[in-house]
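Engineer: this one's sequence-less:
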Ligand SMILES: [Zn+2]
Ligand SMILES: [Zn+2]
């Protein structure tokens, strides 16, 4: 067991573990459904949800304590192609390597972006470092000043482009950092920006978050609209067998929810899960779209189709590490592949 990972508190129906990495306090909470966060008796200030199990009992959650957080800004950890863009941005501006990058996005359109820093530290010693300041007091050093943080620089860029009016309600994708400072948060609020997303994969790696605390999330997608009833029943049985060992995410289905609910929840599951299993035996536009999303993210995906059914060559021709196309006779063969 990781020696930095230790039990903080234990009570009726709950256990809280902590771990401190790179100045971050991480909380791992395991609680029964009827135990609320308040019941745990721990300081909940500035705790930001990193990840949680969705359908398991007890519930498992991972939180990170932020040095600064305000209720007016919604903070989350997600995976998004905007972080791929952020990573590339930092790599291209090698001068400020390892600096955070901010991408401000509205309705899927990038309004502005920037990497933190300027050339002050190249010519002068960092004033904060000289004084031994680890975090905060950015104002005292021209190279660390909040004005050169990526969030502020991106806002400035948007204003210079004359797109200031578009900024309200947009979202900041902050890469290479796991929290935002007070002065930057104030600048975002001044532009009516109330959302900051941090890269889940980057943070997971940087803070060495114990992934194995949470059961793996599996999302099973299949043809629904055009598929026969016995096929749907077979898929439900398959999912039941996965439960217990995995946190199996459920799709909204044919009857419940609105079309918008289906779109939002199902595509979120496709993006967030650890493994996406697409059972493509019957043709389905929705499933094809989900496979496309997952392919763009290059995350683990298994596409399965019954032997001798006709399958688009698009999915047979896909190739990346973590992707597999398989044929099956019965879905129990897939359980064997998943070592169940
Ligand atoms: Zn400095
Ligand atoms: Zn800042």
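Structural biologist: Cool, the structure landed. Keep in mind that what you see is a predicted model, and the values were worked out from it rather than measured. Ligands and ions are numbered 1, 2, ... in the order given.

Engineer: check the chain and tell me which residue is nearest its centre.
Structural biologist: In the chain, the C-alpha nearest the mean C-alpha coordinate belongs to residue 78, at 1.9 Å (C-alpha atoms, centre = their mean).

Engineer: could you list the low-pLDDT ranges of the stretch 51-200 of the chain?
Structural biologist: The stretch 51-200 of the chain contains residues with pLDDT under 70 at 94-97.

Engineer: what parts of it come near ligand 1?
Structural biologist: Proximity of the stretch 51-200 of the chain to ligand 1 is confined to 126, 128, 141, 143-144 under the rule C-beta under 5 Å from the ion. For glycine as for every other residue, the C-beta is placed from the backbone atoms N, C-alpha and C.

Engineer: returning to that earlier point: I'd guessed the residue nearest to the centre of the chain sits against residue 200; true?
Structural biologist: Yes. Residue 78 is within contact range of residue 200, at 5.7 Å (criterion: C-beta atoms under 8 Å).

Engineer: related to what we said a few turns ago, enumerate the beta-bridge partners assigned to the residue nearest to the centre of the chain.
Structural biologist: residue 199 (DSSP bridges).

Engineer: quick one: contacts for it?
Structural biologist: Residue 78 makes contacts with 197-200, 271-272, as judged by C-beta atoms under 8 Å, 6 or more residues apart in numbering.

Engineer: around whichever residue of the stretch 151-300 of the chain sits closest to ligand 1, how many other residues sit close by?
Structural biologist: Nearest to ligand 1 in the stretch 151-300 of the chain, going by C-beta to the ion, is residue 181, at a distance of 13.4 Å. Neighbour count for residue 181, taken as other C-beta atoms under 10 Å: 19.

Engineer: one more: residue 259?
Structural biologist: 8.

Engineer: and the pLDDT at it?
Structural biologist: According to the prediction, residue 259 has pLDDT 87.

Engineer: for residue 115, give me phi and psi.
Structural biologist: phi -110, psi 140 (degrees, to the nearest 10).

Engineer: ok, the one 4 residues further on next?
Structural biologist: Its backbone dihedrals place residue 119 at phi -90, psi 10, with angles given as degrees, to the nearest 10.

Engineer: now swap in residue 289 and tell me
Structural biologist: According to degrees, to the nearest 10, residue 289 has phi -70, psi -40.

Engineer: just to revisit the earlier point, just flag the most distant two among the residues of the stretch 51-200 of the chain next to ligand 1.
Structural biologist: Using C-beta to C-beta, the pair of those lying farthest apart is 128 and 143, separated by 8.6 Å.

Engineer: neighbours of the closest residue to residue 141 other than its chain neighbours, how many?
Structural biologist: Excluding the flanking residues, the one nearest residue 141 by C-beta to C-beta, 6 or more residues apart in numbering is residue 127, at 3.9 Å. The number of residues packed around residue 127, counting by other C-beta under 10 Å, is 16.

Engineer: over to residue 72?
Structural biologist: Other residues lying near residue 72 total 10 when counted by other C-beta under 10 Å.

Engineer: the one 10 residues further on now?
Structural biologist: Around residue 82 there are 23 other residues, counting by other C-beta under 10 Å.

Engineer: what ranges does the chain have for its helices?
Structural biologist: Under the criterion DSSP state H, the chain carries helices at the ranges 81-92, 120-123, 127-130, 150-160, 182-190, 200-206, 229-242, 259-272, 285-297, 313-317, 332-337.

Engineer: would you mark the buried spots in the fifth one?
Structural biologist: Same thing as helix 182-190. 183-185, 187-188 (16 or more other C-beta atoms under 10 Å).

Engineer: I'd like those residues as JSON lines, with distance to ligand 2 appended.
Structural biologist: Listed next are those as JSON lines, based on distance: C-beta to the ion, whole Å:
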{"residue": "183", "distance to ligand 2": "6"}
{"residue": "184", "distance to ligand 2": "3"}
{"residue": "185", "distance to ligand 2": "8"}
{"residue": "187", "distance to ligand 2": "8"}
{"residue": "188", "distance to ligand 2": "10"}
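
Engineer: tally of neighbours for residue 74?
Structural biologist: 11.

Engineer: that one contacts residue 195, doesn't it?
Structural biologist: Yes. Using C-beta under 8 Å, residue 74 is in contact with residue 195, at 5.0 Å.

Engineer: you'd agree the residue of the stretch 151-300 of the chain closest to ligand 1 is up against residue 69?
Structural biologist: No. Using C-beta under 8 Å, residue 181 is not in contact with residue 69; the gap is 10.7 Å.

Engineer: ok, back up a step: run through the residues that contact the residue nearest to residue 141.
Structural biologist: So residue 127 contacts 140-144 (C-beta under 8 Å, 6+ apart).

Engineer: just the buried residues out of those residues, in PyMOL syntax.
Structural biologist: Here is the PyMOL command that picks out the buried ones among the contacts of residue 127, judged by 16+ other C-beta under 10 Å:
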select buried, resi 141+142+143+144
